[in-house]
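>>> quick check, what structure comes out for this input:
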Amino acid sequence: QQSGRRYNLFLKRRLRIDKRHQSKDSIFFRDGVRRIDFVLSYVDDFSKELEKKLERRKEFESNLQKAGLELETEDKKESEDGKIFFVKIHAPWEVLITYAEVLNIKVPIKENDIPSTVENPLDCMLFPLRLPKKVMHPEPDYFTAPFSKDKQELYLINDESTFFSPSMRNRIVNYILTRCPYGTEEGKKKFGIKRLLNNGTYTAAYPLHDCQYWKKANDPNCDNERYTLYMEWARFLRFYKEQPLDLIRKYYGEKIGIYFAWLGFYTEMLFLAAVVGLICFLYGLFTMDENMSSKEICDPAIGGEIIMCPLCDQECDYWRLNTTCESSQYSHLFDNVATLFFAIFMGIWVTLFLEFWKRRQARLKYEWDLVDFEEEQQQLQLRPEYEAKCTQKKRNPVTQEMEPYLPLTSQAVRFCISGTTVLFWVSLIIASMIAVIVYRLAVYAAFASLMENTQTLQPISGLLTPQLATSVTASCLNFVIIMILNFFYERIAIWITDMEIPRTHMEYENRLTMKMFLFQFVNYYSSCFYVAFFKGKFVGYPGAYTYMFNRWRNEECDPAGCLIELTTQLTIVMAGKQIWGNIQEAFVPWICNWWGRRKARNNPENLYSRWEQDHDLQTFGALGLFYEYLEMVIQFGFITLFVASFPLAPLLALMNNILEIRVDSWKLTTQYRRPVAAKAHSIGVWQEILNGMAILSVVTNAFIVAFTSDMIPRLVYYYAYYESEDSPMSGYINNSLSVFQISDFPDRNKPKENPENFVICRYRDYRYPPDHERRYLHTMQFWHILAAKLAFIIIMEHVVFIVKFFVAWMIPDVPADVKARIKREKYLTQKILHEYELEKLKERLCQGDKRATEKEFIATEGRMELSRAM
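Sure thing, here's the model as predicted:
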């Protein structure tokens, strides 16, 4: 019986092979002529709603045909699993030219004859980084004009089947699909493919890739652009090569193209920051042995004789300062003079990055015909969901047409629910951060006791201090909490944004962006802000410590400062996020696709059709780019807001981004269905977010240098309180530690044992000794240091801001040659259009058209002369 089934299956496959001579790995209809511009898929699930779904599909497909689209259905018997129907959609020429005019699509009218810009003299050195010219520039540069059905003779239409690129075609078909009605339900008019996907009428809707990514198609009419992108761009071994941005834009559309252009430019600019950061780190490494503070801490005659007060109540013992010898040496790697220089440098680097990106963006707008593109024209169109959910209508004051609207009361209620939800989740983050702080306070004593009593940990006790062990474990715990909260909030943010029913696509993206960014900002950066600006600042002093919730004693900084703990926190959260993000981006879609294709791999290629191959891939989704931008902007915050504590952060970001470009390109080319092409002339609201973070970074780095690092106290001691002219920094450690008389300890703080009968202990602060008349009050040196810190913040902020604004003023947003080329192209395009109109008018005069008067002819010539003069 089993052999009989196999034989029947073989016959079935044989019949399917013989049924068509054309391979199913094709992007054309069965006739081999009409191109497949879009594919819809559905299954017969035999549920209670089967008849309703059938009726919706019938009505929807009938309306698509009425709109001029041509359909061809593949029966489920022809599919791999015998369950899925595929509806292939082709947009004929008449439909394309109609909607090209509606969407204001620009098309070529003449090959660009403006000479290219002067070649870079370094091109010969950069040759190994270049890609072949046919890959970088897949089509000639043209003068373009918005398409008009009445002026078809004006455009360079050599072949109607290839005049509109596949990305333009799928954009036009998607425009029709999102607005095509499919009936009336519950008294409401229903339309749009998105609603049909949500209610299960269709299971997928997608444009086709043009070929398999690992080999060229057999069809000579196929451009094989996906194969070219994979071979030249999406493989990691090409990490050192430039990106084929024009080909990316041609295949995926301008919106995806502008993202990869921004990511590539950001990565290039990171190279400079990474080099300077590495130099600053090496400076700290090479001067480590010359650091007087570390020498004194490690010296048995100085640090070995200084007895420090216990770091926790009762359970912790007195300890000698030289036990923190190694951690103080490593702290010097990041807390040195180069830190100040690097903080100022990064403040200027951020400005250079944003200003040069504006120039790069302006050049791309010119090269990609986006100069006159009004994003509002596309983005301000009403969302189909808004039109469907808003039953009330009012007259638009601009168009004077009736439009749906959401009543003010309904908007207010929805905003209140949305705002309350966001505040609740932000409060949840703050609560989780407080929980981590409590963990740090609670386990410190346990770590201190464990390390003192465990012999196996004695060899590394100098490196792994209780402070460092607490900081590392708390950072790891904080990272896990961050990822868990992030997982849930992403879904909540989308839900509450949908509930608000934004009117336009632009409103939807902006609202979701601000919600997600606000949450991610608090989620990722709150722990770093705590370590940088709060830890060790409100400790009190022995005998009068401050407590959280009157139970847990506040944390103290290491004697070498809190900067090394901020570095640890930043490294774990930043590196952990990048590693987890790359694993999630690369392996999750690959595993899903492998699981979905495991059966198809055993079948002949001509039975595994192009639409089935793409159906088995993952969906990129409307928010695919949103998450990519969000990931990079959060990384941008790590390398700018806290870079004074970790000069190697730009280097980590650079290495991650080199990988990120190839991972993003690989998954987009090999693991995802082809996204619908969309236009965009900028990175949108992300530009404003980056500008805001650039300004905030100057403030945070000034505060880190002043209050978190030990630089200002050292400088004050060097210039005002030094004890030896020959070695001004000698004696700094002793000067920075105050004296406490152990007999003054209250019972709550006093250690249980004092085997060596110590009389005094030291603590990190500037207070008078116990024998002074102002015992345990702040000394004058404390106020001098505080004044110096505040003065430093004001001076650094003003210097950096002045330089930032001067650099921004000096660098124009649009390069001069691009301005000139834009003006030249506008003039030539107008000239071509006017000459075309003049020729048409002459033809009408010659044919005796009475409507074509001599005055009209003179007026047209006059307009041409005016255009030349302008």
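>>> where does the stretch 451-600 of the chain have low pLDDT?
Along the stretch 451-600 of the chain, the parts satisfying pLDDT under 70 run over 451-465, 558-561, 596-600.
>>> check the stretch 301-450 of the chain too.
In the stretch 301-450 of the chain (pLDDT under 70), the answer is 373-382, 384, 387, 398-401, 445, 448-450.
>>> neighbours around Glu837, how many?
16 (other Cβ atoms under 10 Å). Any C-beta I mention is one placed from the backbone N, CA and C, and that applies to glycine too.
>>> what's the host helix or strand of it packed up against?
Glu837 is located in helix 816-846, with elements delineated by DSSP states H and E. Applying 3 or more Cβ pairs under 8 Å, 6 or more residues apart in numbering; DSSP states H and E, we find helix 816-846 packed against strand 106-111, strand 142-146, helix 337-367, helix 854-869.
>>> and those: which comes nearest Phe758?
Taking Cβ to Cβ, helix 337-367 is the member of the helices and strands packed on helix 816-846 nearest to Phe758, at 35.3 Å.
>>> same question for the helix holding Glu837, mean pLDDT?
Averaging pLDDT along helix 816-846 gives 81.
>>> quick one: it to chain centroid distance?
41 Å (Cα atoms, centre = their mean, to the nearest Å).
>>> in it, what's buried?
Going by neighbour count (16 or more other Cβ atoms under 10 Å), the buried part of helix 816-846 is 818, 821-822, 825, 828-830, 833-834, 837, 840-841, 844.
>>> one more: stretch 430-444?
Buried residues in stretch 430-444 (16+ other Cβ under 10 Å): Ser432, Met433, Val436, Ile437, Tyr439, Arg440, Leu441, Val443, Tyr444.
>>> ok, stretch 146-154 next?
In stretch 146-154, counting by 16+ other Cβ under 10 Å, buried: Phe147, Leu154.
>>> average model confidence for that stretch?
Stretch 146-154 comes out at a mean pLDDT of 85.
>>> just the CA trace of it, in PDB.
The C-alpha coordinates for stretch 146-154 follow below in PDB (Å, rounded to 0.1, in the frame of the first residue of the first chain):
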ATOM      1  CA  PRO A 146       6.400  63.500 -13.100                       C
ATOM      2  CA  PHE A 147       4.500  61.100 -15.400                       C
ATOM      3  CA  SER A 148       1.500  62.400 -17.300                       C
ATOM      4  CA  LYS A 149      -0.700  60.300 -19.600                       C
ATOM      5  CA  ASP A 150      -1.100  63.200 -22.000                       C
ATOM      6  CA  LYS A 151       2.600  63.500 -22.600                       C
ATOM      7  CA  GLN A 152       3.700  59.900 -23.200                       C
ATOM      8  CA  GLU A 153       5.700  60.900 -26.300                       C
ATOM      9  CA  LEU A 154       7.900  63.000 -24.100                       C
END
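>>> outside of it, which residues touch it?
97-98, 100-101, 104-107, 109, 145, 155, 832-833, 836 (Cβ atoms under 8 Å, 6 or more residues apart in numbering).
>>> ok, stretch 265-284 next?
So stretch 265-284 is contacted by 332-336, 338-339, 341-342, 345-346, 349, 352-353, 356-357, 360, 632, 636, 639, 643, 647-651, 653-654, 657-658, 661 (Cβ under 8 Å, 6+ apart).
>>> hmm, 6 Å instead?
332-333, 336, 338, 342, 345, 349, 353, 357, 360, 647-648, 650-651, 653-654, 657 (Cβ atoms under 6 Å, 6 or more residues apart in numbering).
>>> was I right to think Met516 contacts Ile494?
No. Using Cβ atoms under 6 Å, Met516 makes no contact with Ile494, being 8.9 Å away.
>>> perfect, I'm done here.
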